[in-house]
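>>> Task: produce atomic coordinates for the following.
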Amino acid sequence: MNLSIIGTGYVGLVTGACFAKLGHTITCVDIDPEKVQKINNSVSPIYEEGLESLLLTYKDKISATSDYQTALMNTSITFICVGTPSMKNGTIDLSYLKEATKQIATILKNKNSWHLVVVKSTVLPGTTHNIVLPLLEQYSGKKVGIDIGLAMNPEFLKEGVAIKDFLEPDRIVIGFNDEKSRKTLGELYKKFSCPIVDTSLSAAEMIKYASNAFLATKISFINEIGNLCKKLGVDTYDVATGMGLDKRIGRAFLDSGIGWGGSCFPKDIDALIDWAKEIKEHTRIIESTKAVNTDQPLRLVEILKKHLPTLKGKTIGVLGLAFKPNTDDIRDSRAIPIIKELLRNGAHIKAYDPQAMNNFKTLYPTIDYCSTASEVLSADAILITTKWKEFTTLNYQGKIVIDGRKLEQAKNAKIYEGVCW
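Below is the predicted model of the structure:
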């Protein structure tokens, strides 16, 4: 099939590259000319393991443009993968989604053949039906369900392993407006062996939010248990292993530490909380999930103060700036509140991350960024905030190490303490 992808962030570009690998022809659309040029040169504008290799291998099947007309007139299915970032009050910004929908509808007005529009952006339940559908009809002058197909197909990609997640999914969710849209999207995914869930547009949207909220809750839960274990002298990872053997619970997302960040969990939790207030429903568990996560990274600084009571004038090394390993994404990284607190206490920062330093410099341009991880070890104490594999090879002997990510190799430090163990 010929597919167009609107938006070339983590979701859009991974989706396009993986569909190209599966034999489809992809036209990516982005308003950023630099991104367009890079993609056409088989260079990934974002860091995601294996992505640039896909762009190079399937360069004959992937192109990029800023022209909606070129993309839509030559394709039969369009995926909307634009960002829906959080605003200050926690609501999601739908401006990119609305603009993309208007642009798509305007082009489809003059297209004679049936075209399927698929929303892949993360949006609250009701958005596809109540916002996207009317905009498509208004700006195209056509009827959704007859002249234009509409579906909602949420993504479940983890940064760092997004390609594997796309090609080997646990499930595919198809929220559909009409039977032709369901069959067309089902045909696109027919080679996948995982379960395919056919449901309503709003249910598909809710599955995405409920999944992320549950995973975030699972992490906050084990962190709260970990805080109790810390007081008891118990290793919370032993507890998590014992819990995880219960098939009803499972071991995934039970790694205690300094909490979750990234582009999805924080944004989706805030959106759910704000939406619940709008519809006058209480979200006690979800609000507590957020509260635990807000407090958790600061525990690393509290533990540090046990060993260095006065941080003023001290040099503190920070290993890891990305919110998780194998990405350059710093959105809601747990290193951000930690470094903010260290600076508030008058500490000097030496930081290193294999991929995320350039992004982090936009937030903290004046801290000392090291060219290698080993340079960080000269600090008065070291905090481990991201579990990069590179950090397992360092010699921590003679150092003070406060660990937020359970790095076993750091236990040979002179003083070693974990946030929950």
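
>>> Next SSE downstream of the longest helix seen in the chain?
Identified as the longest helix of the chain according to DSSP state H is helix 201-232. Per DSSP states H and E, the first helix or strand lying C-terminal to helix 201-232 is helix 236-244.

>>> domain assignment for the protein?
Per the record, the chain has its domains at 2-199, 209-295, 298-418, by automatic domain parsing.

>>> could you pull out the helices for the stretch 251-400 of the chain?
265-278, 284-295, 298-307, 335-344, 357-361, 373-376 (DSSP state H, counting those that start in this stretch).

>>> could I get the ones you listed as JSON lines with mean pLDDT, distance to K38 and mean neighbour count?
Placement of C-beta: from N, CA and C, glycine included. Listed next are the helices of the stretch 251-400 of the chain as JSON lines, based on pLDDT from 0 to 100; distance: least, C-beta to C-beta, whole Å; neighbours: other C-beta atoms under 10 Å:
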{"stretch": "helix 265-278", "mean pLDDT": "96", "distance to K38": "25", "mean neighbour count": "19"}
{"stretch": "helix 284-295", "mean pLDDT": "98", "distance to K38": "34", "mean neighbour count": "17"}
{"stretch": "helix 298-307", "mean pLDDT": "98", "distance to K38": "36", "mean neighbour count": "18"}
{"stretch": "helix 335-344", "mean pLDDT": "98", "distance to K38": "27", "mean neighbour count": "20"}
{"stretch": "helix 357-361", "mean pLDDT": "98", "distance to K38": "15", "mean neighbour count": "17"}
{"stretch": "helix 373-376", "mean pLDDT": "98", "distance to K38": "28", "mean neighbour count": "18"}
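
>>> would you list the ones you listed in CSV and tack on distance to T15?
Formatted as CSV, those follow (distance: least, C-beta to C-beta, whole Å):
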stretch, distance to T15
helix 265-278, 19
helix 284-295, 28
helix 298-307, 36
helix 335-344, 28
helix 357-361, 22
helix 373-376, 33
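
>>> Please name whichever of the ones you listed is nearest to I39.
Among these, helix 357-361 comes nearest to I39, with 19.4 Å by C-beta to C-beta.

>>> hmm, who's touching the closest one?
Identification of contacts with helix 357-361 by C-beta atoms under 8 Å, 6 or more residues apart in numbering yields L321, D328, D329, I330, S333, A335, A351, D353, Y369.

>>> these two touch, right, V301 and I339?
No: using C-beta atoms under 8 Å, V301 is not in contact with I339; the gap is 9.7 Å.

>>> For N177, which non-adjacent residue is spatially closest?
Once flanking residues are discounted, N177 sits nearest to L150: 4.2 Å by C-beta to C-beta, 6 or more residues apart in numbering.

>>> For stretch 369-384, could you pull out the residues that count as buried?
Using 16 or more other C-beta atoms under 10 Å as the test for burial, stretch 369-384 gives Y369, C370, A373, V376, L377, A379, D380, A381, I382, L383, I384.

>>> And the closest residue to N227 other than its chain neighbours, how close does it get to P297?
Residue nearest to N227 in three dimensions, not counting chain neighbours: C420, with 6.3 Å by C-beta to C-beta, 6+ apart. Applying C-beta to C-beta, to the nearest Å, the value for C420 to P297 is 12 Å.

>>> same question, L55
Using C-beta to C-beta, we find L55 at a distance of 35 Å from P297.

>>> And for K280?
32 Å.

>>> Y139 too?
Distance of Y139 to P297, given as C-beta to C-beta: 45 Å.

>>> what does G186 give?
Applying C-beta to C-beta to G186 and P297 gives a distance of 43 Å.

>>> got it, and A291?
13 Å.

>>> same question, N153
34 Å.

>>> Show me which of the two is the more surrounded one.
A side-by-side neighbour count of N153 and P297, using other C-beta atoms under 10 Å, places P297 first with 25 against 20.

>>> if I pick that one, what's in contact with it?
Applying C-beta under 8 Å, 6+ apart, the residues near P297 are I258, G259, R334, A335, P337, I338, T385, G404.

>>> How about K208?
Shown in contact with K208 (C-beta under 8 Å, 6+ apart): T122, P154, E155, F156, V173, D268.

>>> Out of these, the closest to Y209 would be?
The nearest member of those to Y209, counting by C-beta to C-beta, is D268 at 5.5 Å.

>>> looking at it, the closest one is touching L215, isn't it?
No: counting by C-beta under 8 Å, D268 stays clear of L215, with 9.9 Å between them.

>>> in its sheet, what does the host helix or strand of T27 sit against?
Per DSSP H and E: T27 is located in strand 25-29. The pairing partners recorded for strand 25-29 under DSSP bridges are strand 2-6 (parallel), strand 62-65 (parallel).

>>> Kindly reformat the ones you listed as a markdown table containing mean neighbour count, distance to S42 and mean pLDDT.
Shown next, in a markdown table, are these (neighbours: other C-beta atoms under 10 Å; distance: least, C-beta to C-beta, whole Å; pLDDT from 0 to 100):
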| stretch | mean neighbour count | distance to S42 | mean pLDDT |
| --- | --- | --- | --- |
| strand 2-6 | 24 | 16 | 98 |
| strand 62-65 | 21 | 8 | 98 |
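
>>> Strands of the chain, residue ranges please.
Counting by DSSP state E, the segments of the chain that form strands are 2-6, 25-29, 62-65, 77-80, 115-119, 148-152, 172-176, 196-199, 315-319, 348-352, 368-369, 381-384, 400-403, 415-418.

>>> Mind putting those strands into JSON lines with distance to K208?
Formatted as JSON lines, these follow (distance: least, C-beta to C-beta, whole Å):
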{"stretch": "strand 2-6", "distance to K208": "18"}
{"stretch": "strand 25-29", "distance to K208": "22"}
{"stretch": "strand 62-65", "distance to K208": "26"}
{"stretch": "strand 77-80", "distance to K208": "14"}
{"stretch": "strand 115-119", "distance to K208": "11"}
{"stretch": "strand 148-152", "distance to K208": "9"}
{"stretch": "strand 172-176", "distance to K208": "8"}
{"stretch": "strand 196-199", "distance to K208": "12"}
{"stretch": "strand 315-319", "distance to K208": "32"}
{"stretch": "strand 348-352", "distance to K208": "33"}
{"stretch": "strand 368-369", "distance to K208": "35"}
{"stretch": "strand 381-384", "distance to K208": "31"}
{"stretch": "strand 400-403", "distance to K208": "32"}
{"stretch": "strand 415-418", "distance to K208": "33"}
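
>>> Out of these, which gets nearest to L51?
Across these, closest to L51 is strand 62-65 (C-beta to C-beta), at 11.1 Å.
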